[in-house]
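K.L.:
Provided below for reference: sequence and predicted model.
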2 protein chains.
Amino acid sequence: MSPRSTRDRPAKAPLSEEAIVGAAIGILRSEGLEAMSMRRVAAALDTGAGSLYVYFANREALIEAVFDRVAATVELEPPRADRWREQLQAVLTRTRDALVAHPGITAAVMVDPPRTYASMRLQENLLGLLFAGGLGPRDAAWTADTLFAQVTHAAVEAETRTADPAELARQVSANFAQLPADEFPLITAHAATIVSGDFDQRFHYAIDIVIEGALRKAKAEQG
Amino acid sequence: MSPRSTRDRPAKAPLSEEAIVGAAIGILRSEGLEAMSMRRVAAALDTGAGSLYVYFANREALIEAVFDRVAATVELEPPRADRWREQLQAVLTRTRDALVAHPGITAAVMVDPPRTYASMRLQENLLGLLFAGGLGPRDAAWTADTLFAQVTHAAVEAETRTADPAELARQVSANFAQLPADEFPLITAHAATIVSGDFDQRFHYAIDIVIEGALRKAKAEQG
DNA sequence: CGTTCGTAACAAACACCGTTCGTTACGTAC
DNA sequence: GTACGTAACGAACGGTGTTTGTTACGAACG
């Protein structure tokens, strides 16, 4: 048997968790989660899919590691009592955008939110900002959850919009207007209004009313 | 070639969209979306996977049809001005539970929310209830979106909890407490509080503060 | 310096998946 | 009684995640 030279290339860099995650993120950014298959990731590293299982137990573990690196890139906001509310908007928007930049990762990770280091880092920051706003531990924790739901929702929704958002809005609005008016009086009457507002406006509104509601409810209970 | 008798059974009922969706939902309920493969659904109907493509263009179309039937089962709340808020809680909770009863459907449908009849039916109801609460069209539409984000978030999260919720809470809390206290002062200090509250309490809280916030913001702007 | 040995990498195989397509069989309309 | 459109079939294609037996490496040891 002739000695197959699997190593005739000049010292190919060995695999590592870092290298694998890096290759995976590259594919994820450009082609989405579905394209981030074990074979594709392995091919990007010039190896076979099986080799990845030395470093990750399965695809899910790889996805979690990828998510962790994405989450780690989000810049936090050291809480300042005088502007905690804008800080909250800022860090949540950055989190949303980081997720949007990696299509599919949000839906995959929602299934069971990983308790990784980067996630904890984010949650700690959210709690700090809500504490700065005067919320108690329980309200802060529950509100952080509520806010995070808005982030994931916005991230998933953003991944669908492909072409011109205004064009899409016009199209959806037209579809709404064509529904039977007797069965859908409100949707047909307010079709244009329903799709109004751009992506950031709606996200900002959602975050804002959640914060406002949390504050009011806390005040009502203690006052 | 001997005539293979593919039809020696006594007049097998022919396929139909209804029958296919019914079989799919059966698998979905008991084994989740992943198990709801074209082959499994076809096998349940004693046919081949290819036959399903006469009625559905692809798996996604089948999933959408399945979702539509699930959404159609949610009982609506004809708006009454004197109790619109509890009505909102009720219909949102029912929607959440319908989604939870069909594991995986929420994440699959979030990717791009279907504009099916049943979805519109729900949205019309939400708008009606928010109108009854005094919100204007724009606020009602944006708030309905925000509320729906909470529903999907809760539904996805609920699908993960398998065993005793209290046991899981204790476990997560223990994990939180073990984090480095210097880096995660809030999480470690309030580990028990963070995981406090059962599933329904947290959901109810989230819906409540969203509504409260929307009302307050609307009043602040018009007053 | 030579050998051993744990482990990383490989490549093939397994059991699936969604989807396509050529072919067969049916029920109905003529 | 026959022709025909269409539904059903079943095999095949190109993929997927994962497992496993085998090879080759590189570092530690005698």
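P.N.:
Nice, thanks for sending it over. All values derive from a computational prediction rather than experimental measurement.
K.L.:
Quick check: residue A:181 vs DNA strand C, distance?
P.N.:
From residue A:181 over to DNA strand C the distance is 35 Å, taken as Cβ to the nearest atom of the strand, to the nearest Å. Using the backbone N, CA and C atoms, a C-beta is placed for each residue, glycine as well.
K.L.:
got it, and residue A:149?
P.N.:
Going from residue A:149 to DNA strand C by Cβ to the nearest atom of the strand gives 28 Å.
K.L.:
Three-state assignment for residue A:34, please.
P.N.:
coil (DSSP: H, G, I helix; E, B strand; the rest coil).
K.L.:
can I assume it is in contact with residue A:104?
P.N.:
Yes - the criterion here is Cβ atoms under 8 Å, and residue A:34 meets it with residue A:104 at 6.4 Å.
K.L.:
who's more crowded, the two?
P.N.:
More neighbours surround residue A:104 than the other of residue A:34 and residue A:104, with 19 against 12 (other Cβ atoms under 10 Å in any protein chain shown).
K.L.:
show me what contacts that one?
P.N.:
Shown in contact with residue A:104 (Cβ atoms under 8 Å, 6 or more residues apart in numbering or on different chains): A:28, A:32, A:33, A:34, A:36, A:159.
K.L.:
Reformat these as TSV; add pLDDT.
P.N.:
Putting the contacts of residue A:104 into TSV (pLDDT from 0 to 100) gives the following:
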residue	pLDDT
A:28	96
A:32	93
A:33	95
A:34	92
A:36	95
A:159	86
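K.L.:
Need the nearest residue in space to residue A:75, chain neighbours excluded.
P.N.:
residue A:94 (6.0 Å; Cβ to Cβ, 6 or more residues apart in numbering or on different chains).
K.L.:
element containing the one you found?
P.N.:
In this structure, residue A:94 is located in helix A:84-100 according to DSSP states H and E.
K.L.:
returning to that earlier point: can you count the residues close to the residue nearest to residue A:75?
P.N.:
17.
K.L.:
Show me where chain A dips below the pLDDT cut-off.
P.N.:
Counting by pLDDT under 70, the ranges of chain A that qualify are A:1-14, A:162-163.
K.L.:
List the contacts of the most centrally placed residue in it.
P.N.:
Nearest residue to the geometric centre of chain A (Cα atoms, centre = their mean): residue A:99, 3.2 Å. Neighbour list for residue A:99: A:70, A:105, A:106, A:151, A:152, A:155 [criterion: Cβ under 8 Å, 6+ apart].
K.L.:
how much space between it and residue A:109?
P.N.:
Using Cβ to Cβ, to the nearest Å, residue A:99 is found at 8 Å from residue A:109.
K.L.:
about what we covered before: how about the helix holding residue A:94: buried residues?
P.N.:
Using 16 or more other Cβ atoms under 10 Å in any protein chain shown as the test for burial, helix A:84-100 gives A:84-85, A:87-89, A:91-96, A:98-100.
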